[in-house]
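>>> structure for the following, please:
(one chain, ligands or ions: 1)
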Amino acid sequence: MTLHVHSDIASLTPYVPGKPIEELQRELGLSRVIKLASNENPIGPSPKALAVLSEGAATLHRYPDGGAFRLREAMADRWKVTPDHIILGNGSDEILGLLARTFLAPGDEAVMADQTFVIYKMEVTAAHGKAVTVPLRQWRHDLPAMAEAITPRTRLLFLCNPNNPTGSMVSSGEVAQLLSRIPEQVIVVFDEAYFEYVRRSDFPEAMAYVKQGRNAIVLRTFSKIYGLAGLRIGYGVTTPEITGLLNRVRPPFNANSIAQRAALAALGDDEHVAKSRAVNQAGMEQLIKGLSAFGFTPIPSEANFLYLDIGRDGRQVFEALLRQGVIIRHIEGRMVRVTIGQAEENEAFLIALARVMQAG
Ligand SMILES: *Cc1c(COP(=O)(O)O)cnc(C)c1O
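Prediction:
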């Protein structure tokens with residue numbers, strides 16, 4: 001039957017998520033599977049979030065608060081802005097889509113790195129915009145080259161910091177230089193999904209640009225350190241003018257009621273965040289040490305994953321590890337990404353990797 005579809009849509013390939021644990025168990029009849037593929041928090045959800053989940057159950061027949069009043073108030077308080085600076089999303093992924101649909105007319109351009117988070121290109125293309133990609137330089141965003149890539153058609157510039165999949169970051173000085181070089185009408189999208197894991201003190205204060213009234217948005221999520229990926233909730237902090245525009249295309253009940261409740265509780269769970277950071281730090285040291293025994297040196301990471309050259313075809317290593325019950329992520333060529341897990345998971349990964357390397 002005849003079907004009309006725009007070539008922009010036909011050109012896309014469906015996003016391939018990390019393989020679910022249950023799927024691998026089913027396929028290989030394995031009882032124990034370790035998933036280090038999707039940068040999830042290995043210690044699980046915030047206990048404070050878990051404690052409030054059932055409170056929302058009795059009112060599930062009601063639509064959520066479309067304005068997310070309580071959650072936005074709490075976030076505004078935390079980030080020292082007014083609530084009209086905050087927009088919620090069904091995951092911060094959704095806000096990426098809202099940005100593309102709101103600000104890109106067909107043919108308008110969005111500048112982004114290659115490699116970076118694959119959703120940017122997907123959303124920009126789906127909105128009939130043009131993704132302008134700028135290669136990384138030594139595994140980091142090449143900010144001068146990104147500034148050069150700006151044209152009168154540029155509407156958005158995506159800056160994933162720390163970057164997924166590399167884990168690398170750009171500093172406050174580098175970002176200040178970038179912003180001094182680009183026209184003010186370009187909206188800078190600071191995707192800070194891994195913000196809470198960052199250790200370096202020269203990490204940019206992107207939120208300060210928003211507070212100055214710059215055309216910028218800071219995206220954060222409850223999917224990573226807060227351990228709530230399954231609930232789908234993320235947020236953006238941006239100027240009231242930009243939230244006002246995004247709200248014109250935002251589906252009214254995009255943040256569900258249980259997620260709003262859980263996010264509110266998780267936001268106040270500093271203990272869980274601190275513990276998650278500590279587990280990540282220890283796991284990072286363990287993995288770097290273990291990997292160095294094979295002669296592998298991951299790219300320095302400020303996030304909860306490591307990106308490395310595995311020395312041979314990454315897809316083969318990925319598949320061989322699957323047969324050992326360990327799920328990682330093949331990115332391209334010899335490059336793989338491994339989420340930092342709990343100590344036993346990291347150990348199991350290193351043992352499985354040793355077997356794979358020995359088998360040749
Ligand atoms: C995980 C991730 C997100 C967001 O995830 P949501 O679950 O949609 O909130 C956004 N950006 C990057 C770079 C990520 O890695």
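>>> contact partners for residue 151?
Residues touching residue 151, when contacts are defined by C-beta atoms under 8 Å, 6 or more residues apart in numbering, comprise residue 109. C-betas here are computed from N, CA, C, even on glycine.
>>> from the ligand, how far out is it?
As for residue 151, its distance to the ligand is 25 Å (criterion: C-beta to the nearest ligand atom, to the nearest Å).
>>> give me the pLDDT for that residue.
The predicted local distance difference test score for residue 151 is 98.
>>> so what touches the helix or strand that residue 282 is a member of?
Element membership for residue 282 (DSSP states H and E) is helix 270-292. The contact list for helix 270-292 (C-beta under 8 Å, 6+ apart) reads 41-43, 46-48, 196-197, 199, 225-227, 266, 297-298, 301, 304, 306, 308, 338, 340-343, 346-347, 349-350.
>>> of the residues you listed, buried ones?
Buried members of the contacts of helix 270-292, scored by 16 or more other C-beta atoms under 10 Å, are 41-43, 46, 48, 196-197, 225-227, 266, 298, 301, 304, 306, 308, 338, 340-342, 346-347, 349-350.
>>> go through those residues and flag which are in strands.
In this view, the buried ones among the contacts of helix 270-292 that belong to strands under DSSP state E are 306, 308, 338.
>>> which of the contacts of helix 270-292 fall within helices?
Among those, the members found in helices (DSSP state H) are 47, 48, 266, 343, 346, 347, 349, 350.
>>> measure the last one to the ligand for me?
From residue 350 across to the ligand, the span is 24 Å (C-beta to the nearest ligand atom).
>>> about what we covered before: which of the ones in helices among the contacts of helix 270-292 lies closest to the ligand?
For these, the residue nearest the ligand by C-beta to the nearest ligand atom is residue 266; the value is 12.8 Å.
>>> tell me who's in contact with that closest one.
For residue 266, the set of contacting residues under the criterion of C-beta under 8 Å, 6+ apart consists of 45, 46, 48, 49, 222, 226, 227, 228, 272.
>>> repeat for residue 84
Here residue 84 is in contact with 240, 243, 244 (criterion: C-beta under 8 Å, 6+ apart).
>>> repeat that for residue 177.
Contact criterion C-beta under 8 Å, 6+ apart gives 143, 144 as the residues in contact with residue 177.
>>> so which strand or helix has it?
With the criterion set as DSSP H and E, the secondary-structure element containing residue 177 is helix 172-181.
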